[in-house]
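*Asks:* Pasting the sequence and the predicted model now:
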Amino acid sequence: MSFHNFVFSLCTACLFAIGQAAQDGIVRSPDIIASDVVIIGGGSSGTYSAIRLREYGRTVTLIERELVLGGHVNTYHDPVTGQTFDYGVISFANISVVTNYFKNFDVPLGPVGDLFKTKITYYADFTTGKPLPSSPFPSGNATGAALFAYEDELAKYPFLPYGYNLPTPIPEDLLLSWGNFLKKYQLEALAYTAFSFLEGIGNILAQPTLYVMKYFAQSTVQNVLTNGFLTTVHHNNHELYEKALLKLGSSALISSNVTQVLRSHGGVAVTVSTPLGTKLIKASKLLIAIQPKLESLSFLDLNTEERHLFGQFNNSYYWDALIRNPGVPSGVCINNANPAAALALPEMPGMYLICASPIPDVFTVYYTSPYALSEQYVKHDILATTAKLVKAFGFPAVNGTPEFVGFNDHRPFELTVSTDAIVGGFYDRLNGLQGKRNTWYTGATWQAHDSSLIWNWTEYNILPQLLAD
């Protein structure tokens, strides 16, 4: 054993000795917490896991760096009207895992309907601001036919809804770029629908088909075809997380940052900086429910294998925003399109749309980039693009100036690796990390950016492992 490893083992043993002493009653300190499972990340997957483990009788400690739980769930509470409006995670699939979860917290669900109260839809080239005379995309009938044909393609890969348990060899079609896949199977008519529903993944046509099919899954397609999506009746998806936080009570450490994780055969020791001081959490198991990028895991005692795997991830960038008084008339939605581009899909970075919300004078904006951009740049580009559209459309002048009343940076968003890495067995090795060093993982990287799919995968794949002795 090297001197470094000896010191590491000694430090870990000391931390566990302190934790055991606290558990045995020798040391009684409020700064030491004993749990069956410690969860890092209080977004969709982390909160769901904490609640379900508690229901199974396990003790948990959930650590979240923000003041609230929910991750990508962004709900706006309008101080003028008192209305609430979801502009982050908006809809859910009608499956038992979802309906049971909301029912557990007495949060009623209903059909999505027309959340944006859109009266008029326009299309424009956001690069120039130039309005388009009509939609450059195929008719609804052509899109519907393409979606049915796409379902036939999805049926070839029954393993896709269940994590990244990929066969060997990897089917060649899954390695095609999404643009080439659509062309091969003459599915171009669904390109804009996928572009609209899969916001945040950068330039979608360049993404490997594997990632698009994971995100644009069979359940999503069915909901698109039948308008079967659910949302909260009160248009306040954050209510679920507010009630979850109340139920977890002191077991949830919010506004808290993990500073160190030490793992050994006996369990894990997690040091956390909280508003009430430093806490040491001793647990048997660790669940990481954040995106596993190296820069996000600086607190973790990564070994060579973990560092090598997590270091291969690339990621896209995604922002959602609300603007009050942008100069666009109420009830109007303007979609970004470029007739000169492949399948009329605009190149990114840029805005997907600017669309009226149910709240007077408040509009939603969604923005993506395949590479890093500063908050200042994105805000400036949104305002400049919006001003360009207002001028080009000749909308009547309004009093006041545009104001951001909501802005959220969801980086790192879609995590991907190269097709060479996929073929080389990357996901087999990544899946092999589950349970090693008393550590498990959940979240979008392991399934898709879809809360419904994440909860379902966590329920039937990760929870049974965490519950096993």
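*Replies:* All right, it came through fine.
*Asks:* for the stretch 351-469 of the chain, what spans make up the strands?
*Replies:* 362-369, 403-409, 415-416, 439-441 (DSSP state E, counting those that start in this stretch).
*Asks:* Pick the most deeply packed of these.
*Replies:* Highest mean neighbour count among the strands of the stretch 351-469 of the chain (mean count of other CB atoms under 10 Å): strand 362-369, with a mean of 24. For every residue, glycine as well, the C-beta is placed using N, CA and C.
*Asks:* Please tell me how far Lys279 sits from Thr386.
*Replies:* Remark: distance between Lys279 and Thr386 (CB to CB, to the nearest Å) = 44 Å.
*Asks:* scratch that, Thr458 is what I was asking about
*Replies:* 38 Å.
*Asks:* Compare these two and say which is more crowded by neighbours.
*Replies:* Thr458 (25 against 22; other CB atoms under 10 Å).
*Asks:* Can you give the contact residues for the helix or strand where Asp152 lies?
*Replies:* Using DSSP states H and E, Asp152 falls within helix 140-154. Here helix 140-154 makes contact (CB atoms under 8 Å, 6 or more residues apart in numbering) with 137-138, 160, 173, 185-190, 192-193, 213, 217-218, 221-222, 224-225.
*Asks:* List the residues that contact His265.
*Replies:* Applying CB under 8 Å, 6+ apart, the residues near His265 are Asn438.
*Asks:* One more: the one 5 residues further on?
*Replies:* By CB under 8 Å, 6+ apart, Val270 lies in contact with Val38, Ile40, Thr61, Ile63, Val258, Gln260, Val261, Leu280, Ile281, Ala283, Leu286.
*Asks:* Look at the last one and report its pLDDT.
*Replies:* It stands for Leu286. Listed pLDDT for Leu286 reads 98.
*Asks:* That one bridge partners, please.
*Replies:* Val38, Thr439 (DSSP bridges).
*Asks:* neighbours of it, just the number please.
*Replies:* By the criterion of other CB under 10 Å, Leu286 has 23 neighbours.
*Asks:* close enough to count as contact, it and Trp440?
*Replies:* Yes: in this structure Leu286 lies within contact range of Trp440 using CB atoms under 8 Å: 7.1 Å.
*Asks:* where exactly do the helices run in the stretch 101-250 of the chain?
*Replies:* In the stretch 101-250 of the chain, the helices defined using DSSP state H, counting those that start in this stretch lie at 140-154, 178-184, 191-197, 209-215, 218-226, 238-248.
*Asks:* want to try CSV for the ones you listed, with mean pLDDT as columns?
*Replies:* Shown next, in CSV, are the helices of the stretch 101-250 of the chain (pLDDT from 0 to 100):
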stretch, mean pLDDT
helix 140-154, 96
helix 178-184, 98
helix 191-197, 95
helix 209-215, 97
helix 218-226, 93
helix 238-248, 98
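*Asks:* among these, which is nearest Phe413?
*Replies:* Smallest distance to Phe413 across those (CB to CB): 10.9 Å, for helix 209-215.
*Asks:* Mind giving me the packing neighbours of that closest one?
*Replies:* If you count contacts as 3 or more CB pairs under 8 Å, 6 or more residues apart in numbering; DSSP states H and E, helix 209-215 packs onto helix 178-184.
*Asks:* Can you give me the buried ones in the helix it packs on?
*Replies:* Trp178, Gly179, Phe181, Leu182, Lys183 (16 or more other CB atoms under 10 Å).
*Asks:* got the contact list for the first one?
*Replies:* In this structure, Trp178 makes contact with Ala194, Ile204, Leu205, Ala206, Gln207, Pro208, Thr209, Val212, judged by CB under 8 Å, 6+ apart.
*Asks:* Quick one, grab the pLDDT at the third one.
*Replies:* Predicted confidence (pLDDT) for Leu205: 97.
*Asks:* what's the neighbour count on it?
*Replies:* 21.
*Asks:* How about the first one?
*Replies:* Taking other CB under 10 Å as the neighbour definition, Ala194 ends up with a count of 26.
*Asks:* Please name the residues that touch the nearest residue to it once chain neighbours are set aside.
*Replies:* Excluding its sequence neighbours, the residue lying closest to Ala194 (CB to CB, 6 or more residues apart in numbering) is Phe216, at 5.2 Å. When contacts are counted by CB under 8 Å, 6+ apart, Phe216 touches Ala194, Phe197, Leu198.
*Asks:* Name the residues linked to the residue nearest to Ser134 when sequence neighbours are not counted by a beta bridge.
*Replies:* Distances taken as CB to CB, 6+ apart place Tyr123 nearest to Ser134, at 7.3 Å, with adjacent residues excluded. For Tyr123, the beta-bridge partners are Asn335 (DSSP bridges).
*Asks:* separation between Tyr123 and Tyr318?
*Replies:* 22 Å.
*Asks:* List the buried residues in stretch 255-266.
*Replies:* Buried, per 16+ other CB under 10 Å, within stretch 255-266: Ser256, Val258, Gln260, Val261, Leu262, Arg263, Ser264.
*Asks:* Let me fix that, I meant to ask about stretch 239-252.
*Replies:* So for stretch 239-252, counting by 16+ other CB under 10 Å, buried means Glu239, Leu240, Tyr241, Glu242, Lys243, Ala244, Leu245, Leu248, Ser251, Ala252.
*Asks:* For these, work out which two are farthest apart.
*Replies:* Glu239 and Ser251 (19.6 Å).
*Asks:* If you tally nearby residues, what's the number for Asn100?
*Replies:* By the criterion of other CB under 10 Å, Asn100 has 11 neighbours.
*Asks:* that older thread, out of the buried residues of stretch 255-266, which comes closest to Ala448?
*Replies:* Using CB to CB, Val258 comes nearest to Ala448 of the buried residues of stretch 255-266, at 25.3 Å.
*Asks:* Mind exporting the C-alpha coordinates of stretch 309-329 to PDB?
*Replies:* Extracted in PDB, the C-alpha atoms of stretch 309-329 (Å, rounded to 0.1, in the frame of the first residue of the first chain):
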ATOM      1  CA  LEU A 309     -15.600   7.300 -17.900                       C
ATOM      2  CA  PHE A 310     -17.000  10.600 -16.600                       C
ATOM      3  CA  GLY A 311     -14.300  12.500 -18.400                       C
ATOM      4  CA  GLN A 312     -15.600  11.300 -21.800                       C
ATOM      5  CA  PHE A 313     -18.900  13.100 -21.500                       C
ATOM      6  CA  ASN A 314     -19.700  16.100 -23.700                       C
ATOM      7  CA  ASN A 315     -22.800  18.100 -23.000                       C
ATOM      8  CA  SER A 316     -25.300  20.600 -24.500                       C
ATOM      9  CA  TYR A 317     -26.500  23.800 -22.800                       C
ATOM     10  CA  TYR A 318     -30.100  24.900 -22.100                       C
ATOM     11  CA  TRP A 319     -31.800  27.900 -20.700                       C
ATOM     12  CA  ASP A 320     -35.500  28.800 -20.000                       C
ATOM     13  CA  ALA A 321     -36.700  32.300 -19.400                       C
ATOM     14  CA  LEU A 322     -39.700  34.500 -18.900                       C
ATOM     15  CA  ILE A 323     -39.800  38.100 -20.200                       C
ATOM     16  CA  ARG A 324     -42.300  40.700 -19.200                       C
ATOM     17  CA  ASN A 325     -43.300  43.300 -21.800                       C
ATOM     18  CA  PRO A 326     -41.200  42.100 -24.700                       C
ATOM     19  CA  GLY A 327     -43.300  44.000 -27.300                       C
ATOM     20  CA  VAL A 328     -45.000  40.900 -28.700                       C
ATOM     21  CA  PRO A 329     -48.800  41.100 -28.700                       C
END
